[in-house]
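J.: below are the sequence and a predicted model; questions follow.
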Amino acid sequence: MSKLARFLKPYGKQIALVVVLLVAQAIANLYLPDLNAEIINNGIAQGDVDYILRTGGLMVGVTLVLGIVSVVAVYFGAKTAMAFGRDVRSAVFRAVEGFSAAELNRFGTASLITRNTNDVQQVQMLAVMALNIMILAPVMAIGGVVMALRQDVPLSGLLLVVIPLMGVVIGLALSKALPLFRAVQAKTDRINQVVREYLSGVRVIRAFVRTAHEQERFEEANADLTETALRVQRLFATVMPAMMVIFNLTTVAILLFGARRVDAGAMQVGNLMAFLAYMMQILISVMMAVLMFVMVPRAAASAERIVEVLETEPSIRDPQTPAQESEACGFVAFEGVSFRYPGAEHPVLCDVTFSAAPGEVTAIVGSTGSGKSTLINLVPRFYDATEGRVLVDCVDVREMPRERLWAKIGFVPQKAFLFSGTVADNLRFGKPDATDEDLWHALEVAQAREFVEAMPQGLDTPVAQGGVSVSGGQRQRLAIARALVKKPDVYVFDDSFSALDFATDARLRKALRRETRDATVIIVAQRVSTIMDADRIVVLDQGRVVGIGTHAELLETCETYREIVESQLTLEEIA
Amino acid sequence: MSEDKAVTRVDRALAFGSGRPGPGPGRGFGPGGGHFMAAPAAKARDFKGTLKRLGALLKPQAARIALVMVLAAASVALSVAAPKVIGKATNVIFEGVVGKQMPAGVQKSQVVQMLRAKGQDRLADMLSAMDVTPGKGIDFDRLGGILAVVGGLYLLSALFMWGQGYLMAGVSQRVVYDMRRRVDEKLARLPLKYFDDHPRGDILSRVTNDIDNIAQTLQQALTQLVTAVLTIVGVLAMMFSISPVLALISLVTVPLSVVVTMAIAKRSQVQFARQWERIGALNSHVEEMHTGHAIVKVFGRQKQAIERFDELNEQVYDASFKAQFISGIIQPSMNFINKLNYVAICVVGGVRVANGTLTLGDVQAFIQYSQQFTQPIVQTASIANVLQSTVASAERVFELLDEPEETPDPAQPVRLAKVGGRVEFDRVSFRYLPDKPLIEDLSLTVEPGHTVAIVGPTGAGKTTLVNLLMRFYDVDAGAIRIDGVDVRDMARDDLRRLFGMVLQDTWLFGGTIRENIAYGKEGATEEEIVAAAQAAHVDHFVRTLPDGYDTRIDDDAANVSQGERQLLTIARAFLADPQILILDEATSSVDTRTEVLIQRAMARLMKGRTSFVIAHRLSTIRNAETIIVMDNGRIVEQGNHETLMARRGFYHELYTSQFERAYDEAV
């Protein structure tokens, strides 16, 4: 957690101020019972109304100052803690934006999102506490002890009994409660899982007539959760009265022993009352402090996860001295490219060589795990080749600033991802100044015009989060249109036609061919019909190129290719 | 993550717990404004009605709840009585101190007279009201007795409080358990339409979050409300019994502190609501940018992504800082008002002690009461807030429970003794939405063992037929008959047992592979499971896994590929051994070798069974006895390959656009 402390550095002055204010607050708080004692000793006991009024006025004054001080402390404390949270969040976001696909995969998107949101929230909450109660409580406890000692030393011996007793009760309760809380959470998750599975599989469950079975599963999870939750609640039902008993019996003990001190003339009645007040302040402070520090391990775990992100160096960086921009436009070449994931035994790609020129369609086929997606991920430099080089426009991609590289590429990913916003926002993603005509044209090519026109607000219809729902096929077509609007030199389609039916697929490819006449097109596909008319088909098998050629050539020469074709069309149909 | 939530529960429990009327002075600070940090409470539409229904749920527990109330009342009464008794102890001490200062042997009345003679009327008044024996110090026997009573009161009060909490835990858990069970049973009776129309997350949160919310409130808020109200009444009574004048003074400050708290809380709530809203916006931006990481980069939008993030981040900072700050003002203001009250009591009380109308112990006790007073009032207000969100939750749960259910099965369902597998659609009409006709007047007879291929473009509504066959939806007009029996005359379960289903959406649940295959048939033996796996060509694959049939399938089943999952669902269908099959051939993103296996397994499964196939393969379509062509959710053509080709309609176009061209080029 100390590694996050550097984010507090810019706020050093504010923090120092908060600490001073909190200490002042504690002192004022501790001064009040003292005044109270004086009112009793010198005012009430003597019947001196003037004294009561004078001291009472002082008391109100002190309280007012105390109030102002604590408001100011809260102001700067909250301000600092929230600024700290903001800065950490920003640092994490920037770090993730700098990651390449390798780091992204290592953490996983879901985990990175949690780290950037919940984990930062946790640490921020701790900072809020740290800049208030976690400083105030110990100061109050220590100050309370000092004041109690000033009132009467022997009586303060009670602290030696009460505080450890309270520590034992709280400690016992927490050591029992925390595992129980975890159990309750796990069991709640279990119920969630059973319901989620029911909801997603309701057709199958009903088709297989297994509703009763599912209900049994739920019943089991429900009973299990109830039993544990009951234990937690009963534990709480015990802890609160126990704390009350400790507090209240302490009061009784102080009066009992204090009376003897008063009788012996070692103490005044007012001081006994003040002592009582200090004692309570100490106990409350200790309780608060213990409970606050329960938060620390949780926040520490979050902090660790944040630091992990911050300390990860992106594996791909822009070149120090970029190569000069070449005149060439839209050439892509792989020269003896091999790729191996860090730590993996076998390379995903091995010695891949081919080149693609403008106006050509190059298709990559192969079975799952043959390295198709990895191969095209090397073009926009999501990964770097471990051996060999990938050239775009005759320049090694590693010698180009990535912004320049990316400007040349239109990428359509396997999972068509749309951002929240309107259809138009999504289409303009790569080219903010595209006109509506450009957008409609791209939609037409992508075979998406019809359904966008049918949408309630056409181009201005919101999609993705909170928008109208679009089917998988529609989403793919919008992602394709998005790439088309950009008018890049190189198109990369990563299995982006899979959710389309044959007819739409065919129409789209036909229109696409016209549209991408001057561009280099690289397509990864599972379906043979999608790539049959490509200028060049690269067949991959376990990371190696086992054939390059046209459909007709490969049918003759490439065993693997024939196998793929056969699996999709029956033999008589090919022959 | 689980720990986070766990500790949140601690926090929440403590925020509630800290509101208990405590002992004596010096309750200086607490987790200020804890209640106001909760996410904004949703409002219920019918607050009263829902509250009533919620109350009805508690009825079976009425006896226990009554006992809880009695215990709570007893606990409060005892703890309210204690400060008054402590006041007596203070008096004993004070009197002892005064007594000691006087010479032994004289009478109290003599001392009073002496004082009056010296003109010290005040002291004389005070003394005459006291039970003092001159020369004698503190009466420890009496003090011990009083303190023993105090200790007893506190112990008993704690004991009752414990009993009350213990019982209430049982009550609330029982109610919530029952509620969860009812909701689950309800889910089983809801028509499929409900699941199609409602987002999964929404249903899920009704079953889990909303019920959790109710559980928390039942456990904590309910007894706290009772305790708080009783405390207010008890404390007020004690205060008036000690001194009506002082009580009136205190009563003035109470509304003041309530008004101040409410005014600040209202403002801070606005900020908290804003904070949650902005955090939501920020989080969804983060989620989008991280999920679409590659796209953001390739499309050159990184700079904008960061700019937008900074903007949202700044907004979160602004709102959360303000929310924190404003709610932080509550505690100091309360303290201030409290202290004003305190000084007022000291002044007036001091005068009254001085003229002998009050004892020091009474003032001491009164101070304690006055400090116990505001806490439960503020607490009641915040519980009202909690209650509101709880009733909103309850309303959402009741809404689910009130949803119309599937029409019940016939009282005397027809059971088919021997199933041939003849399926007949007789002038069937169906629509999901009243104004959007889907299937109009469809008639179709499928002989046992025949195959029906359903073809059409993406999103043509090919699953509608499946929905009708399985009676996930009922036809609007006409009838579907199996072996001459209207499906509506059968029990749904009996009907569904006739079918086997292999869908593209391969549903596997968290469990072992064995359990997932065995899902097809209750009480399946190991041999049957293995035989089914072999028939589905998945036995070999399963045995290559380190744990074989005991391999657990994860939530997202990352360890089993899409194709392999499909094979497992085929094995499941083999094991169920149904007369009629519903298959979905779509196998995008499955590699070639698995694809071949799936194809073979499906062909084998279809042999001798009536099959409805959502077809993507040329061979399936051409071999089918009947082809149903769908477009825009409607059946546009029906017939076999030859007749449909001869008609030169939609099928002809579809076929030539995709299959024939593939065929021609392949040659």
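T.: Cool, the structure landed. None of the values given here were measured: they were computed from a predicted structure.
J.: could you point out where the chain is predicted with low confidence?
T.: Just going to use chain A. A:1, A:45, A:47, A:368-369, A:464-469, A:502, A:567-575 (pLDDT under 70).
J.: looking at chain B here, not the other one
T.: In chain B, residues with pLDDT under 70: B:1-43, B:122, B:457-462, B:504-506, B:554-560, B:586-593, B:618, B:632-633, B:657-667.
J.: break it down into its structural domains.
T.: For chain B, the structural domains run B:2-402, B:510-577, going by automatic domain parsing.
J.: give me the distance between the last one and the centre of its chain.
T.: In this case it means domain B:510-577. 34 Å (CA atoms, centre = their mean, to the nearest Å).
J.: now the most centrally placed residue in chain B: closest residue in space, sequence neighbours ignored.
T.: By CA atoms, centre = their mean, chain B has its centre lying nearest to residue B:209, at 1.1 Å. Leaving aside its chain neighbours, residue B:209 sits nearest to residue B:393 (7.6 Å; criterion: CB to CB, 6 or more residues apart in numbering or on different chains). For every residue, glycine as well, the C-beta is placed using N, CA and C.
J.: same question for residue B:88.
T.: Nearest one to residue B:88, counting by CB to CB, 6+ apart, is residue B:146 at 5.2 Å.
J.: the one you found falls within a helix, correct?
T.: Yes - per DSSP: H, G, I helix; E, B strand; the rest coil, residue B:146 lies within a helix segment.
J.: residues touching it, list them.
T.: B:85, B:88-89, B:92 (CB atoms under 8 Å, 6 or more residues apart in numbering or on different chains).
J.: ok, residue B:89 next?
T.: Neighbour list for residue B:89: A:255, A:259, B:143, B:146-147, B:150, B:361 [criterion: CB under 8 Å, 6+ apart].
J.: in helices only, show me the residues you listed.
T.: With DSSP state H as the criterion, helices contain A:255, A:259, B:143, B:146-147, B:150, B:361 from among the contacts of residue B:89.
J.: got TSV for those residues, with distance to residue B:61 too?
T.: What follows is these, written out as TSV (distance: CB to CB, whole Å):
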residue	distance to residue B:61
A:255	41
A:259	47
B:143	45
B:146	40
B:147	39
B:150	35
B:361	43
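J.: ok, so of those, who is nearest residue A:443?
T.: Relative to residue A:443, the closest of those is residue B:150; by CB to CB it sits at 82.2 Å.
J.: I figured that closest one hits residue B:84, correct?
T.: No - taking contacts as CB atoms under 8 Å, residue B:150 lies outside contact range of residue B:84: 9.6 Å.
J.: quick one, which of the two is more surrounded?
T.: residue B:150 (25 against 21; other CB atoms under 10 Å in any protein chain shown).
J.: what's near enough to touch that one?
T.: Each residue near residue B:150 by CB under 8 Å, 6+ apart is listed here: A:248, A:251-252, A:255, B:82, B:85-86, B:89.
J.: ok, now with 10 Å
T.: For residue B:150, the contacting residues are A:248-249, A:251-252, A:255-256, B:23, B:81-86, B:88-89, by CB atoms under 10 Å, 6 or more residues apart in numbering or on different chains.
J.: so how far is residue A:293 from residue B:55?
T.: Distance, residue B:55 to residue A:293, using CB to CB, to the nearest Å: 41 Å.
J.: what segments of the chain are strands?
T.: Answering for chain A, as no chain was given. A:332-339, A:349-356, A:361-365, A:387-392, A:395-396, A:409-412, A:421-422, A:462-463, A:490-494, A:520-524, A:536-541, A:544-549 (DSSP state E).
J.: please go with chain B instead
T.: Using DSSP E, the strands of chain B run over B:423-430, B:439-446, B:451-455, B:477-482, B:485-486, B:499-502, B:511-512, B:552-553, B:580-584, B:610-614, B:626-631, B:634-639.
J.: which of those strands sits closest to residue A:220?
T.: strand B:511-512 (13.2 Å).
J.: residues in contact with the closest one?
T.: A:197, A:217, B:518-519, B:547-553.
J.: ok, and the most crowded of those residues?
T.: Among the contacts of strand B:511-512, residue B:519 has the most neighbours (other CB under 10 Å), with 25 neighbours.
J.: for it, phi and psi?
T.: Here is the backbone geometry of residue B:519 (degrees, to the nearest 10): phi -60, psi -30.
J.: who's in contact with it?
T.: A:201, A:204-205, A:208, A:210, A:213, B:507-509, B:511, B:568-569, B:571-572, B:575-576.
J.: still on that earlier bit, closest one of the contacts of residue B:150 to residue A:430?
T.: residue B:23 (68.4 Å).
J.: show the contacting residues for the nearest residue to residue B:613 once chain neighbours are set aside.
T.: Once flanking residues are discounted, residue B:613 sits nearest to residue B:583: 4.7 Å by CB to CB, 6+ apart. By CB under 10 Å, 6+ apart, the contact list for residue B:583 reads B:451, B:453-454, B:466, B:500-504, B:570, B:573, B:602, B:605-606, B:611-615, B:620.
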